[in-house]
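Colleague: I'll drop the sequence and a predicted model, then ask my questions.
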Amino acid sequence: MKTFLDHTFKGLYYFLTDRNYRTFIRLMLQYGDKKRYVPLKTKAKGYLFQLPDGPSFVWQFHEIFCKYSYRFSTQNKKPIIFDCGANVGTSCIFFKEEYPGSTVHAFEPDPNVFEYLEKNITKNKIEDIILHNAAVWKENGTLDFSSEGADGGAIGSEGKNTVTVKTIRLKEMLLKENKIDLLKIDIEGAEVEVIADCEDALGHVENIFIEYHSFNGGKQHLEKILAVLNKNGFRYYTENESSRRIPFMDKTGKYAMDMQVNIFGYRM
């Protein structure tokens, strides 16, 4: 009975006890079913957000402010955070709310989305956010980037809207810091190559979040990321974000991906 009640009334419990969850429900009712890729402005938690797309923001807010996916423990009053795939800045605002003394390096390659990121940080007067309109990669230079319009842009030229973006070698950036309290990597498919290049630069990273993507018809390389984490002394926890009801029958998944896994690496 307890298990039944837990599953049945969990949403109601969160609604009654968690202000952020109530905000999520409001955002869901307002924008969850809205047409995609329509620019809008909204307020959440006292912040003004300018957005290229409502539905994607709703689920960003849920993951960041309701599930607390990026919260970590630290005694450092001035933590260093690398936000690779900052999108419109929702995660940056969370970091500054949770860790006021932090310095955040925020990377966003999509030039259109970067404008929203810049506006959201500036309009809300968020300080100590260092913005990089660039993709993290395994070398410095430029690459083709397929702009999806919201949070699904990726390196490559397979999409309709392809632009050339600047790339920054993440390994070099990491080695400039004495300690990195959190390295967040949500870069839509480029994570395997970037992590492989950073293999020898993760020794001073305390916490790492990686969103791993496996695309239909392509090779799977989750083991490569986990091997790098093992080599660098991380213990990890994985969370499947692309659940399928009958996996042996439904083998392709949604949105061109057959697997999306959140990986949380930390030191004990």
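Modeller: Everything's here; your move. Numbers count the residues shown, from 1 in each chain.
Colleague: those strands in this protein, which residues are they?
Modeller: All strands of the chain, identified by DSSP state E, fall at 40-44, 47-51, 80-84, 103-107, 129-132, 135-137, 141-146, 154-155, 162-169, 182-185, 207-215, 235-240, 257-266.
Colleague: Worst mean pLDDT among those strands?
Modeller: Among the strands of the chain, strand 154-155 carries the lowest mean pLDDT, at a mean of 87.
Colleague: for that one, packing partners?
Modeller: Packing partners of strand 154-155 (3 or more Cβ pairs under 8 Å, 6 or more residues apart in numbering; DSSP states H and E): strand 141-146. All C-beta atoms are positioned from the backbone trio N, CA, C, and that covers glycine.
Colleague: mind listing what's buried in the strand it packs on?
Modeller: Of all the residues in strand 141-146, those buried under the rule 16 or more other Cβ atoms under 10 Å are 143, 145-146.
Colleague: Equivalent analysis for stretch 31-40, please.
Modeller: By neighbour count with 16+ other Cβ under 10 Å, stretch 31-40 contains the buried residues residue 31.
Colleague: That one spans what distance, first to last residue?
Modeller: Between the opening and closing residues of stretch 31-40 there is a gap of 10 Å (Cα to Cα, to the nearest Å).
Colleague: before we move on, what about stretch 193-208?
Modeller: Rule used - Cα to Cα; the end-to-end distance of stretch 193-208 is 16 Å.
Colleague: Quick one: the strands of the chain as TSV, columns for distance to residue 14 too.
Modeller: Converted to TSV, the strands of the chain look like this (distance: least, Cβ to Cβ, whole Å):
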stretch	distance to residue 14
strand 40-44	16
strand 47-51	21
strand 80-84	26
strand 103-107	27
strand 129-132	29
strand 135-137	34
strand 141-146	36
strand 154-155	32
strand 162-169	38
strand 182-185	24
strand 207-215	22
strand 235-240	18
strand 257-266	20
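Colleague: Show me the shaky parts of the stretch 51-200 of the chain.
Modeller: 157, 159 (pLDDT under 70).
Colleague: can you give me the helices in it?
Modeller: For the stretch 51-200 of the chain, helices defined by DSSP state H, counting those that start in this stretch occupy the ranges 54-61, 90-98, 111-123, 170-175, 191-197.
Colleague: Just the residues contacting the second one, thanks.
Modeller: Read that as helix 90-98. Applying Cβ atoms under 8 Å, 6 or more residues apart in numbering, the contact partners of helix 90-98 are 45, 47, 49, 57, 60-61, 64-65, 70-71, 81, 83, 86, 102, 104, 106, 117, 120-121, 124, 126-129, 182, 184.
Colleague: which of the residues you listed count as buried?
Modeller: 49, 57, 60-61, 64-65, 70, 81, 83, 86, 102, 104, 106, 117, 120-121, 126, 129, 182, 184.
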